[in-house]
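Peer 1: 3D, please:
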Amino acid sequence: MTTAIQSRAPRVMDAANFSIYTPIHSKYVPNPKSLNDILSEEFGEGGFEIEMRHNIYNVKSKTKLNSDP
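Peer 2: Okay, here's the model as predicted:
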């Protein structure tokens, strides 16, 4: 008796070609709206995606986040 094993396609993490991932813990983000405003200023509208998992914001973008004040 043989069984067929189906392989699953890997989860597509960069659906919009966002290849840089920057984790930011939520304790460093007192206001999520401010985070969105800062990222919009840094990357432009539609230049990033934010995902929250286990108290960490995962920022996906095409370029690195500039850490200069």
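
Peer 1: just the strands in the protein please.
Peer 2: With DSSP state E as the definition, the chain shows strands at residue ranges 20-25, 48-53, 56-61.

Peer 1: find the nearest non-adjacent residue to Asn17, please.
Peer 2: Closest residue to Asn17 apart from its sequence neighbours, by CB to CB, 6 or more residues apart in numbering: Lys62 at 6.5 Å. No exception for glycine: its C-beta is placed from N, CA and C like everyone else's.

Peer 1: same check, this time on Asn58
Peer 2: Nearest residue to Asn58, sequence neighbours excluded (CB to CB, 6+ apart): Glu51, at 4.5 Å.

Peer 1: tell me how many other residues crowd Arg53.
Peer 2: Counted with other CB atoms under 10 Å, the neighbours of Arg53 add up to 8.

Peer 1: thinking again about what came up before, give me the number of residues near the residue nearest to Asn58?
Peer 2: Glu51: 11 surrounding residues under other CB under 10 Å.

Peer 1: the one 4 residues further on now?
Peer 2: When neighbours are defined as other CB under 10 Å, Asn55 has 9 of them.

Peer 1: pull the contacting residues for it.
Peer 2: The contact partners of Asn55, taken as CB atoms under 8 Å, 6 or more residues apart in numbering, are His25, Ser26, Lys27.
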